[in-house]
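>>> what shape does this take:
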Amino acid sequence: MTEARTDTAMSAARRLRNIVGGSAGNLVEWFDWYAYAAFTLYFAPVFFPDADATAQLLSAAAVFAVGFLMRPIGAWIMGVYADRKGRKAGLTLSVSLMCAGSLIIGCSPGYAQIGIAAPILLLFARLLQGLSVGGEYGSSATYLSEMATAKHRGFWSSFQYVTLISGQLLALLLLILLQNTLSPSALENWGWRIPFFVGALLAVVVFWLRRRLDETPAFERGAFKAGDTRAGPKSSALQLLLKHPKEAALVLGLTAGGTLAFYTYTTYLQKFLVNTSGFSKTTATEISAGALLIYMLLQPAVGALSDRIGRRPVMIAFGVLGVLFTVPIMSALAVTTNAFVAFALALTALVIVSGYTAINAVVKAELFPAHIRALGVALPYAIANAVFGGTAEYVALWFKLDGNESRYFWYVTVMIGVSLLVFVFMRDTKHKSLITHD
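Coordinates of the predicted model:
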């Protein structure tokens, strides 16, 4: 009897260690990805010499969006890889690509030194990072969802967005630190390179950590690995489209509005507060960082709520509130000059978005069987991200240049409405999960 209790305790401890280890790696991946967005205001003039500040931001946002276009390719290649070789293998490969991309950005000369080759190098680095993040999402969402027990799957899988937000928050905190220790000219000339070197170094540490993770029981028991002689389906894009088209369409639909809202209130908000509201770069960064900190802490609470009442009611709440309040919140942010009011508005928006971000990973993972789960989670999500999330800044800035910025607020509202329709008519995956192994 005592021995059995010890085995169970050790099993729980090992499970927790793996969840923490997988989450820590996810944090570094997203720090590297978001460092680009956080420091765009400073390095855009280095790579894009246009004298107009909005045009420079637009060029940098275009490169940001192109990085998202690589995410479906990364999701496809590494989703299949993670389904056949293992979730741990997929996580290790993705962080290696992210490390390479960060190093290239950190070392790249500017336009004044090498001309057009500078933005080309920046683009190449973002393509590498896009491949990495495309594979990271599916592998990490699947790993955390499979590693957690059924009773607390919403809670533990929410740590994917805790670490995702933490990565963005750390990028902003590093920016605040550099803003307060370096002169503006030093930050614009060379200080913006620091986060990319930091990210590359942390990625090496994560590579070592991920090599030590255990594989998930669901993969070991339920997936068909490369070289497996058993008859059975193998992960492939064709199998996904032929055998699971409804589930893939559900992931596309529920991601569209959620990812657009997320990138609007996270990566774009900082630029919006500077470019539209008129706050200084430092104040805008501090507002964003403060709101993100509280937002990050909310994710496990919302995940735990979904374990009690189901995933669908939580997502419907996001959809209804997002449709009702996006235009009022963005309109108020555009005209406020009070930092505390801006913070309250930004935080309100992020609390609403938590209904999507805290549980979207587990919802997607619960839709698919083990042999195609990483690909099923990653590929349609990455496509929706490329179309809606990655273009959020570009579309918003395009509307601004055209003199119709408020139309962007309605665009976000409409897309949240589309996702709301998906939430209303889909099954509650908590009660009909296809993750069958704890």
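
>>> now do the strands in the stretch 151-300 of the chain.
Taking DSSP state E, counting those that start in this stretch as the criterion, the stretch 151-300 of the chain contains no strands.

>>> how about the helices in it?
Secondary structure of the stretch 151-300 of the chain by DSSP state H, counting those that start in this stretch: the helices cover 153-157, 159-181, 184-189, 194-211, 217-222, 237-243, 245-265, 267-272, 281-309.

>>> which of the ones you listed sits most buried?
Of the helices of the stretch 151-300 of the chain, the one with the most neighbours on average (mean count of other C-beta atoms under 10 Å) is helix 153-157, at a mean of 28. All C-beta spots, glycine's among them, are computed from the backbone N, C-alpha and C.

>>> picking up where we left off before, for Ala65, which of the helices of the stretch 151-300 of the chain is the nearest?
helix 245-265 (10.3 Å; C-beta to C-beta).

>>> then the closest one to PDB, C-alphas only?
What follows is the C-alpha trace of helix 245-265 in PDB, where atoms were taken according to Å, rounded to 0.1, in the frame of the first residue of the first chain:
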ATOM      1  CA  PRO A 245     -12.000  18.300 -42.000                       C
ATOM      2  CA  LYS A 246     -14.700  19.400 -39.500                       C
ATOM      3  CA  GLU A 247     -12.200  19.600 -36.600                       C
ATOM      4  CA  ALA A 248      -9.700  21.500 -38.800                       C
ATOM      5  CA  ALA A 249     -12.400  23.900 -39.800                       C
ATOM      6  CA  LEU A 250     -13.400  24.400 -36.100                       C
ATOM      7  CA  VAL A 251      -9.800  25.300 -35.200                       C
ATOM      8  CA  LEU A 252      -9.700  27.800 -38.100                       C
ATOM      9  CA  GLY A 253     -12.900  29.400 -37.000                       C
ATOM     10  CA  LEU A 254     -12.400  29.600 -33.300                       C
ATOM     11  CA  THR A 255      -8.800  30.900 -33.800                       C
ATOM     12  CA  ALA A 256      -9.700  33.700 -36.300                       C
ATOM     13  CA  GLY A 257     -11.400  36.100 -33.900                       C
ATOM     14  CA  GLY A 258      -9.400  35.100 -30.900                       C
ATOM     15  CA  THR A 259      -6.000  35.600 -32.400                       C
ATOM     16  CA  LEU A 260      -6.900  38.900 -34.000                       C
ATOM     17  CA  ALA A 261      -8.100  40.200 -30.700                       C
ATOM     18  CA  PHE A 262      -5.000  38.900 -28.900                       C
ATOM     19  CA  TYR A 263      -2.600  40.600 -31.300                       C
ATOM     20  CA  THR A 264      -4.600  43.800 -31.300                       C
ATOM     21  CA  TYR A 265      -4.400  44.200 -27.500                       C
END
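
>>> just checking, what packs against that helix?
helix 311-335, helix 339-357, helix 360-365, helix 373-384, helix 392-401, helix 406-425 (3 or more C-beta pairs under 8 Å, 6 or more residues apart in numbering; DSSP states H and E).

>>> now do it: distance to the chain's middle.
12 Å (C-alpha atoms, centre = their mean, to the nearest Å).

>>> could you check the angle it makes with helix 392-401?
The directions of helix 245-265 and helix 392-401 differ by 50 degrees, with axes from the mean of the first three to the mean of the last three C-alpha atoms, to 10 degrees as the criterion.

>>> picking up where we left off before, let's have the helices of the stretch 151-300 of the chain in CSV, adding distance to Leu57 and mean pLDDT.
Formatted as CSV, the helices of the stretch 151-300 of the chain follow (distance: least, C-beta to C-beta, whole Å; pLDDT from 0 to 100):
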stretch, distance to Leu57, mean pLDDT
helix 153-157, 34, 88
helix 159-181, 16, 87
helix 184-189, 14, 87
helix 194-211, 18, 86
helix 217-222, 42, 70
helix 237-243, 35, 85
helix 245-265, 15, 94
helix 267-272, 6, 87
helix 281-309, 12, 92
